[in-house]
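**Student:** Here you go, sequence then predicted model.
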Amino acid sequence: MSPRPWRLITALVITAAATACTAGSQTPANNGPKAEAAQTIEVWHGWSAPHEVQAFADAVAGFHKLHPNITVKLVKGQDDDKILNAIRSGTPPDVVSSFSTNNVGQFCSSGALQNLTPYLQKDKVDMAMFPKAVQEYTQYKGDRCTLPLLADDYALYSNKALMKGNQPPKTISELTALAKKLTVRDSDGTIKVAGFLPSEAYYEHVPEHIAGPSFGATWLTPQGRSNFATDPGFTKYLQWQKSLMDWYGYDNVKKFIHSMGQEFEASNPFEKGKVAMAIDGEWRTKFMEDEAPKVQYDTTPTPVNDDRQNAYGGGFVTGTIIGIPRGAKHAQAAWEFTKYLTTNTDALVTFANGLGNVPSTIPALSSPNLKLPGQFQTFLDVFKNPNSTTVPSTVNGGDYVVKFQQFVQEQWEPGKVPDLQKGLQGLDKKVDSALQLAGG
């Protein structure tokens, strides 16, 4: 997920415009105030740091030129709980954005966010402008209740000095060999410099960033059931992960992790030269620029298992989503705003430059106005690569992902799973039971 934290509310008012319709309309309508009528739409988002708020304001500013009679009130620091509470209370804003693609299933199936398909069809918006993975994480069972608003994807960062002349790996076997070769230890096994830490507890080395892109694991069956015991990709991922964990020594890895700095501060171990290779999001390029400008590094796609070399170039993709709540007072105006912010190349490029995130349409990826570090090109390429993957949404959000992470961190890594197949079968039952209970 994106590292943007949840923060407190402050409103920023910008002048912008659109047409409007009746409150809570689920389909395009033209029976509300016309373009010449003054009105205000309220837009909730989760960004809150000054540069983030300004970046959002800059992206929205172009809307004013198209629709000068509508005021857009931007309210920062909102999270999904606040959004859902407002919708339940019948007092929602007109537009909301969320960092949690895992919650799309809940947003869509409950009707909390309106189905945007009628709007898209009416205005003939071509969904082909969004990569396949992005199209997947913005809908649930055919109900497209969100659109993408910038994206995050993941790739391999390599510290040039610590790589000692070795080229970044493309396969898991190359990654494993380099991880061992580049690791520096004290005589008692204490890790001083880690080549690559396989632990789920290491920041962005969570299963969804590796199991799917590297091992081809598919999280759910076509019927929407848990796929851990059936898909061999999970077994291959776990066996590789545990093998490298055992090489380091579980206690040594935990000791190193406990000594690490914060992920989103200058004390991050990759920035401090304590980790040679790490999988991380595109935002790290901006952190490197601001916090570790002297560190020379490369970015390359996430290595793939040796039997999947034709899939090299992809990675894990996720991002911010935006939608129109049930009960929005100015749904048509909200749609015009949502369409502008998610499909206008200039708006997306302005926003991407301000946040250091990936613009979420294919046309925006090739804009000459993108002003990002050279290492950012890897993330632009990964984003549009057809081999990139995401995790599917369910009615209970990312519960299955959380359960798998818990299984890996609390049972698998410490060596508490004597029979992996039985362990995964038990996990499947827990996930399916939770899905059924939630109505999925």
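**Tutor:** Now that the structure is in, tell me what you want to look at.

**Student:** domains of this structure?
**Tutor:** 11-152+318-384, 153-311 (automatic domain parsing).

**Student:** out of the ones you listed, nearest to residue 410?
**Tutor:** Closest to residue 410 of those, according to CB to CB: domain 153-311, at 9.6 Å. Glycine gets a C-beta too; all of them are placed from N, C-alpha and C.

**Student:** so how far does that closest one reach from one end to the other?
**Tutor:** Criterion CA to CA, to the nearest Å; first-to-last residue distance in domain 153-311 is 16 Å.

**Student:** thinking again about what came up before, could you tell me the least trusted of the domains of the chain?
**Tutor:** Averaging pLDDT over each of the domains of the chain singles out domain 11-152+318-384 as the lowest, with a mean of 87.

**Student:** Helix, strand, or coil at residue 265?
**Tutor:** For residue 265, the secondary structure call by DSSP: H, G, I helix; E, B strand; the rest coil comes out as coil.

**Student:** Just put the domains of the chain in JSON lines and tack on mean neighbour count and distance to residue 433.
**Tutor:** Converted to JSON lines, the domains of the chain look like this (neighbours: other CB atoms under 10 Å; distance: least, CB to CB, whole Å):
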{"stretch": "domain 11-152+318-384", "mean neighbour count": "20", "distance to residue 433": "17"}
{"stretch": "domain 153-311", "mean neighbour count": "19", "distance to residue 433": "9"}
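
**Student:** any idea how far the residue nearest to the spatial centre of the chain lies from residue 407?
**Tutor:** Compute the mean C-alpha point of the chain, and by CA atoms, centre = their mean the closest residue is residue 318, 3.0 Å away. Going from residue 318 to residue 407 by CB to CB, to the nearest Å gives 21 Å.

**Student:** swap in residue 132?
**Tutor:** 28 Å.

**Student:** re earlier: wasn't the residue nearest to the centre of the chain part of a strand?
**Tutor:** Yes. Counting by three-state DSSP, residue 318 is part of a strand.

**Student:** Going forward, count from 328.
**Tutor:** Yep, numbering from 328; the last one is residue 645 now.

**Student:** Any figure for the gap between it and residue 740?
**Tutor:** 24 Å.

**Student:** now swap in residue 579 and tell me
**Tutor:** Distance from residue 579 to residue 740, by CB to CB: 12 Å.

**Student:** Next: residue 697.
**Tutor:** Residue 697 is 39 Å from residue 740, by CB to CB.

**Student:** same question, residue 528
**Tutor:** Going from residue 528 to residue 740 by CB to CB gives 8 Å.

**Student:** Check residue 711 too.
**Tutor:** For residue 711 relative to residue 740 (CB to CB), the value is 34 Å.

**Student:** Residue 624 too?
**Tutor:** 27 Å.

**Student:** so where do the strands sit in the protein?
**Tutor:** 338-343, 366-371, 397-402, 422-425, 474-486, 511-512, 518-520, 604-608, 624-627, 644-650 (DSSP state E).

**Student:** Any chance of those in CSV with distance to residue 575 as columns?
**Tutor:** Shown next, in CSV, are the strands of the chain (distance: least, CB to CB, whole Å):
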stretch, distance to residue 575
strand 338-343, 47
strand 366-371, 44
strand 397-402, 46
strand 422-425, 37
strand 474-486, 18
strand 511-512, 9
strand 518-520, 7
strand 604-608, 14
strand 624-627, 22
strand 644-650, 28
